[in-house]
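Q: Provide a 3D model corresponding to the input given below.
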Amino acid sequence: LEALQPLAVGANCSGGARELLPVIETMGHYSGVYLSVEPNAGLPLLLEGETVFPDSPEEMAEYSLRLRDAGAGIIGGCCGTTPEHIRAMANVLRGVPALERTGKKIFALTSRSRRVDIREETLAYIGERINPTARKKLAADIRDGQMQMVVDEARKQIEAGAPILDVNMGVPGIDEVAAMKQAVLSVQAAVDIPISIDSTNAMVVEEALKNYVGRPLINSTTGEDQQLDIILPLAKKYGAAVLGLCLDEKGIPKIAEGRMEIARKIYKKAREYGLRDEDIYIDCLVQTASAEQSQVMETINTLRRVKDELGVGTVLGVSNVSHGLPAREILNSTYLAMALGAGLDLPIINPFDDRMRDTIMAAGVLLNRDRNCTAFIKQYKDYQGGSATGGGKVRHDICNNCNIPNLLTKTIKAFEPGIDKSEERNISINQQLKNAVLEGNQDGIEKLLEKALHEYQLKPLEVVNQGLIPGIEEAGERYDRKEYFLPQLMMAAETMKKAFTIVKPLLSQQAGQSQGTIIMATVEGDIHDIGKNIVCVLLENYGFRVIDLGKDVKAEVILDSAKRENADIIGLSALMTTTMPAMEKVIEEARTRGLKCKFMVGGAVLTPEYAESIGADAYSE
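A: Presented below is the predicted three-dimensional model:
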């Protein structure tokens, strides 16, 4: 949000002053703009059918000073606050000046749920593998509109430690705009790290920016006026960072001063379009040592001058230096060390290159970026020579979102002596099914089911209980641990749903497979249904017959459907405190009608105490 350069950013509603204080404290730490806050008068309670906000004017006034000290310069009130609340807050704050905001420069990229601080954390880099250049299989898949290999490459690079991913859809003859949109949506649904949008085509770049949730890097623009006048406004409009190449219509200058002239031009133009220093990155361009050996150090010299003179971010595609030479890993890692010492912020590398990753880890210590050598010690505590990041070792600390060690352990056990071969095969295919659900691999799940049911002759119920359900359960557990977020959970649920539509007809041939009938509805007056929809998918995946009546559903419609369908359970959802009483109305009317079904209720504002008070049988967060 700050990249869009608003007057202020802030938080309102959602909680009381007590709940919003840590939110403002965090915003104050990471932001240099003015902050605003409008808390509720506490968290709402439903007492005797009425919504009550419990915080008094005196309590709100006390927290107002703490909110000011946390950095808030605009303070007001939202739900439940009265003129008395605002008066008490104003009296306490009258004459108290707002804290001056520092306007600090923060070089960062973000995804939907994760930020990468380019200059504050252990050295970051960009993974280069989602690029079809000289990769026939990847190019063919992109041409066919298949994104599974793109997603697989994203996941593998994260497992190798990449904090940012480059996304390039440059396949000749395709609709690159459509391909980039598909790639961005697929990648951001599968992983939660920032991306670099790799294209100089303005239409491709803008389509990616429209669909990406977060602050990406635009890779890239040259120093040509026409290109700058197209790409820079897009960066400003969408709040993206932008990478400028030290290249113009005359080519790449041979000496550092020539490249600096282009860098200055890019910087000046970017500032004229309203971009900040922290929005601008410069690529000084790496020449191959085999063809342009005399220019290799010109790149390093330019890099150092960009940092000293302009103070903007820097990017290099390091591995270009070794093209056409033997022992490329040695040249690449050595050149990377030189560039990092000269001030390189973001190298673009192959995350699977052990030497490059080792160099980055070591540089983090020597450049005082890895505070107290924490990351280095964690990675190399068992180092005994060679590369600690390679050598076939399973890296337990690479990615919190990937349970690779546990999955490998279970798979390896299938091949231990003493296990029957058929059991070994079943363990393997069920593990693959579980992984497909976890990864949201809708393209691959159908083939795996075909293999499990026909080649391995597994029973449908075994496939569900030992392959599919463990996958969705693990996805739910990762969501609870904040390792998965809503997009990953939805992908897993949709993959499970697709698998279940294939297996369901086979299950119906077996006795005793039905788990029961559930009526689901958002109650009358409430139009929120995202949470309910997720629950519907998950319940279907567990074998329940789910009848979703939608949102804003009248009590009589819910109860008539329950009677007609002989429902075992009625699930009611409400997001707003004003619609919570409608749940009680449905339950009371059901008891009056003599319906024997159970009730479960859920929604953001519900509490277990309220669920119990209205006679619900179960409560869901």
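Q: what number of residues lie near Glu58?
A: The tally of other residues near Glu58 (other Cβ atoms under 10 Å) stands at 12. Using the backbone N, CA and C atoms, a C-beta is placed for each residue, glycine as well.
Q: Quick check: it touching Ala88?
A: Yes - using Cβ atoms under 8 Å as the test, Glu58 is close enough to Ala88 to be in contact (6.2 Å).
Q: strand partners of the biggest strand by length in the chain, parallel vs antiparallel please.
A: Counting by DSSP state E, the longest strand found in the chain is strand 8-16. Partner strands for strand 8-16, per DSSP bridges, with pairing direction: strand 34-40 (parallel).
Q: Residues contacting the partner strand, please?
A: Strand 34-40 is contacted from outside by 7-17, 19-20, 23-24, 27-28, 53, 55, 60, 63, 67, 70-81, 98, 101, using Cβ atoms under 8 Å, 6 or more residues apart in numbering.
Q: and those, which are buried?
A: When the contacts of strand 34-40 are checked for burial by 16 or more other Cβ atoms under 10 Å, the buried set is 10-11, 15-17, 20, 23-24, 27-28, 53, 55, 60, 63, 67, 70-73, 75-81.
Q: now, which of those lie within strands?
A: Counting by DSSP E, those place 10-11, 15-16, 72-73, 75 in strands.
Q: pLDDT-wise, which helix or strand of this structure ranks last?
A: When each helix and strand of the chain is scored by mean pLDDT, DSSP states H and E, helix 404-413 comes last, with a mean of 32.
Q: which element is the spatially most central residue of the chain on?
A: Central residue of the chain (Cα atoms, centre = their mean): Asp192, 2.7 Å from the mean position. Of the helices and strands defined by DSSP states H and E, none includes Asp192.
Q: surely it meets Glu483?
A: No - using Cβ under 8 Å, Asp192 makes no contact with Glu483, being 9.1 Å away.
Q: picking that back up, hmm, which of the ones in strands among the buried ones among the contacts of strand 34-40 is lowest in pLDDT?
A: Lowest pLDDT within those is found at Gly15 (90).
Q: Please look at that one and Leu43 and confirm they touch.
A: Yes - Gly15 lies in contact with Leu43 (Cβ under 8 Å); the separation is 6.4 Å.
Q: which residues touch Ala270?
A: Neighbour list for Ala270: 228, 232, 235, 242, 244, 279-280 [criterion: Cβ under 8 Å, 6+ apart].
Q: From those, list the buried ones, please.
A: So, by 16+ other Cβ under 10 Å, the buried ones in the contacts of Ala270 are 228, 232, 235, 242, 244, 279-280.
Q: quick one: which two of those are the most distant?
A: For these, the maximum inter-member distance is 13.6 Å, found between Leu228 and Asp279 (Cβ to Cβ).
Q: where are the low-confidence patches of the stretch 51-200 of the chain?
A: Where the stretch 51-200 of the chain drops to pLDDT under 70, the residues are 103, 121.
Q: residue ranges of the strands in it, please?
A: Per DSSP state E, counting those that start in this stretch, the stretch 51-200 of the chain carries strands over the ranges 72-75, 108-110, 115-117, 126-130, 164-167, 195-198.
Q: Quick one: the ones you listed as a markdown table, columns for distance to Asn435 too.
A: As requested, those are arranged in a markdown table below (distance: least, Cβ to Cβ, whole Å):
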| stretch | distance to Asn435 |
| --- | --- |
| strand 72-75 | 46 |
| strand 108-110 | 28 |
| strand 115-117 | 27 |
| strand 126-130 | 20 |
| strand 164-167 | 20 |
| strand 195-198 | 23 |
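Q: between those strands, which gets nearest to Glu556?
A: Distance to Glu556, taken as Cβ to Cβ, is lowest for strand 72-75 among the strands of the stretch 51-200 of the chain, at 45.5 Å.
Q: and Pro487, what does it touch?
A: Residues counted as contacts of Pro487 (Cβ under 8 Å, 6+ apart) are 112, 188-190, 192.
Q: Which residue comes closest to Pro581 once chain neighbours are left out?
A: Gly49 (5.6 Å; Cβ to Cβ, 6 or more residues apart in numbering).
Q: ok, the one you found - how many residues close by?
A: By the criterion of other Cβ under 10 Å, Gly49 has 8 neighbours.
Q: how near is it to Thr579?
A: 12 Å (Cβ to Cβ, to the nearest Å).
Q: mind listing the helices in the stretch 301-450 of the chain by residue range?
A: Assignment of helices within the stretch 301-450 of the chain using DSSP state H, counting those that start in this stretch yields the ranges 328-341, 354-366, 374-380, 404-413, 421-439, 442-450.
Q: ranking those helices by mean pLDDT, which is last?
A: Note on the helices of the stretch 301-450 of the chain: helix 404-413 shows the lowest mean pLDDT, a mean of 32.
Q: Including mean neighbour count and distance to Lys268, could the helices of the stretch 301-450 of the chain go into CSV?
A: Output for the helices of the stretch 301-450 of the chain, formatted as CSV (neighbours: other Cβ atoms under 10 Å; distance: least, Cβ to Cβ, whole Å):
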stretch, mean neighbour count, distance to Lys268
helix 328-341, 19, 25
helix 354-366, 20, 31
helix 374-380, 16, 37
helix 404-413, 13, 47
helix 421-439, 19, 45
helix 442-450, 17, 47
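Q: Dump these to TSV, plus distance to Tyr212.
A: Converted to TSV, these look like this (distance: least, Cβ to Cβ, whole Å):
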stretch	distance to Tyr212
helix 328-341	28
helix 354-366	25
helix 374-380	28
helix 404-413	27
helix 421-439	21
helix 442-450	21
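Q: picking that back up, list the backbone torsions phi and psi for the residue nearest to the centre of the chain.
A: Backbone torsions of Asp192, given as degrees, to the nearest 10, read phi -120, psi 40.
Q: Neighbour-wise, which one of the contacts of Pro487 leads?
A: Gln188 (24 neighbours).
Q: Please report the distance of that residue from Val365.
A: Applying Cβ to Cβ to Gln188 and Val365 gives a distance of 32 Å.
Q: cool, and Pro172?
A: Distance of Pro172 to Val365, computed by Cβ to Cβ: 44 Å.
Q: Which residue ranges of the stretch 251-400 of the chain form strands?
A: For the stretch 251-400 of the chain, the strands defined by DSSP E, counting those that start in this stretch cover 280-283, 313-317, 346-349.
Q: Longest helix in the protein, by number of residues?
A: When the chain is parsed with DSSP state H, its longest helix is helix 486-507.
Q: Over that helix, what's the mean pLDDT, rounded is fine.
A: On average, the pLDDT along helix 486-507 is 82.
Q: who's in contact with the following helix or strand past it?
A: Following helix 486-507 in sequence order, the next helix or strand is strand 517-522 (DSSP H and E). Strand 517-522 has contacts (Cβ under 8 Å, 6+ apart) with 528-529, 532, 535-536, 539, 544-553, 557-558, 561-562, 565-575, 597.
Q: What are the buried residues along stretch 230-238?
A: Neighbour-count burial for stretch 230-238, counted by 16+ other Cβ under 10 Å, picks out 230-232, 234-236, 238.
Q: Pull the distance from it to the chain's centre.
A: Relative to its chain's centre, stretch 230-238 lies at 23 Å (Cα atoms, centre = their mean, to the nearest Å).
Q: Am I right that Met260 is in contact with Val306?
A: Yes - counting by Cβ under 8 Å, Met260 touches Val306, with 7.2 Å between them.
Q: Neighbour count: those two, which is higher?
A: Using other Cβ under 10 Å as the criterion, Met260 and Val306 rank with Val306 on top: 27 against 20.
Q: Distance of the more buried one relative to Arg112?
A: Val306 is 31 Å from Arg112, where distance means Cβ to Cβ.
Q: Kindly report the same for Glu612.
A: As judged by Cβ to Cβ, Glu612 and Arg112 stand 35 Å apart.
Q: Please apply the same query to Ser319.
A: 29 Å.
Q: Over to Lys554?
A: Lys554 is 36 Å from Arg112, where distance means Cβ to Cβ.
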